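Visitor: sequence and computational prediction follow.
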Amino acid sequence: MLELFLPYLRRPNLCEESTCKFWDDEHISKGMLEAHLDPHQEGASRKHSFIEESVAWISNICPPQCYPKLVDLGCGPGLYVERLFKKGYKVTGIDFSQRSIAYAEEEARKKDYNIEYLYKNYLDINYKNEFNLAIMIYCDFGALCDKSRNTLLRKVHDALSDGGVFIFDVFTPHNYKDKGESFKWYLNEGSGFWRPDSHLCLEAHYIYENNTRADQYVIIDNSEKVDVVRVWDHYYTRETILKELLEAGFKGAEIYGDASGTPYFIGSKTMCIAAHK
Ligand SMILES: C[S@@+](CC[C@H](N)C(=O)[O-])C[C@H]1O[C@@H](n2cnc3c(N)ncnc32)[C@H](O)[C@@H]1O
């Protein structure tokens, strides 16, 4: 019996992929959309009060008069996109959660907002000098593996016009200071976060060299197949993020403490970067 479970109990290889969808899963995406839309939750988006501050800050440092065309990578249900549209930007939102994009499109239609939403993997974009401003918020960048982060930075660089800015946030080592490796399991009887029917979840948190962590969820239900969701996070110091940006062609960057423009301080759990093409 143990043989059957061993592959799921071992530490995954660095950047090993999930065996099933996460953001775009038919069931999980329902819970994620609820989490995005709950103004007080920090599960899928930050609290809506923070988003308001964030949008005010972005439109202050990169005003729509100077940066008219904006793309939001991983826009979810459009919480930033709508607010930025109302500030005066011409906005494109890209996300690979079909449920989030459908919700965002429907909201824009009802409110008569002229917003472009694309159901697409942002690693597949191929724009040239199209946008003045790109954003990617809630530490999604670090969830990509080394090669994909480099691909994304190069594609964003290509997508920006000269003088364009890429604003994104990442976790720092301080976010994980007191968090070691840990393992737990739980049984969900009836519908739960991972599946619509009863399921067992084996949860593990692994630490790797080079500022990388993995949260792994092995999901066992009554079907034949065991699924494994792996959420990676690569976290950064000021030096390591600047190095990756320069390698991808960016000229330089300002570093803030978070995506509402809080000044950066040593000990900050996040960093928000405004990188210049
Ligand atoms: C943590 S949520 C943040 C959503 C939004 N930026 C916010 O703060 O409200 C990450 C979002 O990125 C999307 N996403 C993750 N990887 C993606 C990819 N490769 N291509 C497009 N969207 C992606 C997910 O579907 C999800 O909506």
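Guide: In hand now; what should we look at?

Visitor: what about residue 93, is that helix, strand or coil?
Guide: Secondary structure assignment for residue 93 (DSSP: H, G, I helix; E, B strand; the rest coil): strand.

Visitor: can you give me the neighbour number for it?
Guide: 29 (other Cβ atoms under 10 Å). Using the backbone N, CA and C atoms, a C-beta is placed for each residue, glycine as well.

Visitor: ignoring the adjacent residues along the chain, who's closest to it?
Guide: residue 75 (3.3 Å; Cβ to Cβ, 6 or more residues apart in numbering).

Visitor: and what of residue 37?
Guide: Leaving out its chain neighbours, the residue that sits closest to residue 37 by Cβ to Cβ, 6+ apart is residue 77, at 6.6 Å.

Visitor: for residue 238, same thing?
Guide: Take residue 238 and drop its neighbours on the chain: the residue closest to it by Cβ to Cβ, 6+ apart is residue 255, 5.4 Å away.

Visitor: which positions in whichever strand or helix holds that neighbour come out as buried?
Guide: In this structure, residue 255 is located in strand 252-256 according to DSSP states H and E. Going by neighbour count (16 or more other Cβ atoms under 10 Å), the buried part of strand 252-256 is 253, 255-256.

Visitor: and that strand, what does it pack onto?
Guide: Packed against strand 252-256 by the contact rule (3 or more Cβ pairs under 8 Å, 6 or more residues apart in numbering; DSSP states H and E) you find helix 238-247, strand 270-276.

Visitor: ok, now which ones touch whatever residue of the stretch 51-200 of the chain ends up closest to the ligand?
Guide: Of all residues in the stretch 51-200 of the chain, residue 74 sits closest to the ligand, with a separation of 2.7 Å (Cβ to the nearest ligand atom). With contacts defined as Cβ atoms under 8 Å, 6 or more residues apart in numbering, residue 74 is in contact with 94-95, 122, 136-138, 140.

Visitor: pretty sure residue 228 sits against residue 215.
Guide: No. Residue 228 is not in contact with residue 215 according to Cβ atoms under 8 Å; the separation is 11.3 Å.

Visitor: what does the protein have sitting close to the ligand?
Guide: 23, 36, 44-45, 74-76, 79-80, 94-97, 100, 121-123, 137-138, 140 (Cβ under 6 Å from any ligand atom).

Visitor: ok, how many other residues are close to the residue nearest to residue 37?
Guide: The tally of other residues near residue 77 (other Cβ under 10 Å) stands at 26.

Visitor: now swap in residue 41 and tell me
Guide: 14.

Visitor: give me the pLDDT value at it.
Guide: Note on residue 41: pLDDT of 93.

Visitor: more neighbours: residue 228 and residue 215, which one.
Guide: Neighbours per residue (other Cβ under 10 Å) separate residue 228 from residue 215, with residue 228 holding more: 17 against 14.

Visitor: for whichever strand or helix holds that one, name the packing helices and strands.
Guide: Assigned by DSSP H and E, residue 228 belongs to strand 227-234. When contacts are defined as 3+ Cβ pairs under 8 Å, 6+ apart, strand 227-234 packs onto strand 212-220.

Visitor: dump the strand it packs on to CSV, keeping only the CA atoms.
Guide: Once non-C-alpha atoms are left out, strand 212-220 reads as follows in CSV (Å, rounded to 0.1, in the frame of the first residue of the first chain):
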residue,chain,number,x,y,z
THR,A,212,12.3,29.0,-3.3
ARG,A,213,9.4,27.4,-1.5
ALA,A,214,6.7,24.9,-2.5
ASP,A,215,3.2,24.4,-1.1
GLN,A,216,2.0,21.0,-2.2
TYR,A,217,-1.5,19.6,-1.9
VAL,A,218,-2.2,16.0,-2.7
ILE,A,219,-5.9,15.5,-3.3
ILE,A,220,-7.4,12.1,-3.0
